[in-house]
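Asker: pasting the structure only:
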């Protein structure tokens, strides 16, 4: 069976920061637009994150992420929860590849309504993270 890529355009999403608050050029929408030319670029800081709120429960099975080489994260922590619950850690992924290669990670299948991906240990001295593509694969329930 086909596994849909989540989130769809209507899924609310939040990010920790945007470089120079320039949402038009570096905003969160660019992680999901399918363009190789655009990206989300965080501002500096010790920990950057992306939160996705799904309109109905999903069973997550994979995470796809494409960083810019010098602005990637060595560790991604996935947390999730159902509506009205507190976030709990699902997994930690060692995700450092010093290139723009798309990375694919299997995730323990988890049913959730909210997913937070925290990017720790940035390879950038100032803690910035640049993401060209973020895909969450799984099943809508």
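Answerer: Received the coordinates, thanks. Just so it is clear, the model here is predicted, and its values are computed rather than measured.

Asker: after the helix or strand hosting residue 60 comes which helix or strand?
Answerer: In this assignment (DSSP states H and E), residue 60 forms part of strand 48-67. Downstream of strand 48-67, the first helix or strand assigned by DSSP H and E is strand 73-81.

Asker: buried stuff in that following strand?
Answerer: 73, 76-81 (16 or more other Cβ atoms under 10 Å). (C-beta placed from N, C-alpha, C; glycine too.)

Asker: circling back: relative to strand 73-81, how tilted is the strand holding residue 60?
Answerer: If you take axes from the mean of the first three to the mean of the last three Cα atoms, to 10 degrees, strand 48-67 sits at 120 degrees to strand 73-81.

Asker: may I see the buried residues of strand 48-67?
Answerer: 48-52, 54, 58, 60-63, 65-67.

Asker: about what we covered before: any chance of TSV for the buried residues of strand 73-81, columns distance to residue 93?
Answerer: What follows is the buried residues of strand 73-81, written out as TSV (distance: Cβ to Cβ, whole Å):
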residue	distance to residue 93
73	9
76	5
77	8
78	7
79	12
80	14
81	18
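
Asker: so who does the closest residue to residue 71 other than its chain neighbours touch?
Answerer: Sequence neighbours aside, residue 130 is the residue nearest to residue 71 in space, at 3.8 Å (criterion: Cβ to Cβ, 6 or more residues apart in numbering). Neighbouring residues of residue 130 by Cβ atoms under 8 Å, 6 or more residues apart in numbering: 39-42, 67-68, 71-72.

Asker: export those to TSV and tack on distance to residue 27?
Answerer: Listed next are the contacts of residue 130 as TSV, based on distance: Cβ to Cβ, whole Å:
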residue	distance to residue 27
39	10
40	7
41	9
42	11
67	17
68	16
71	16
72	19
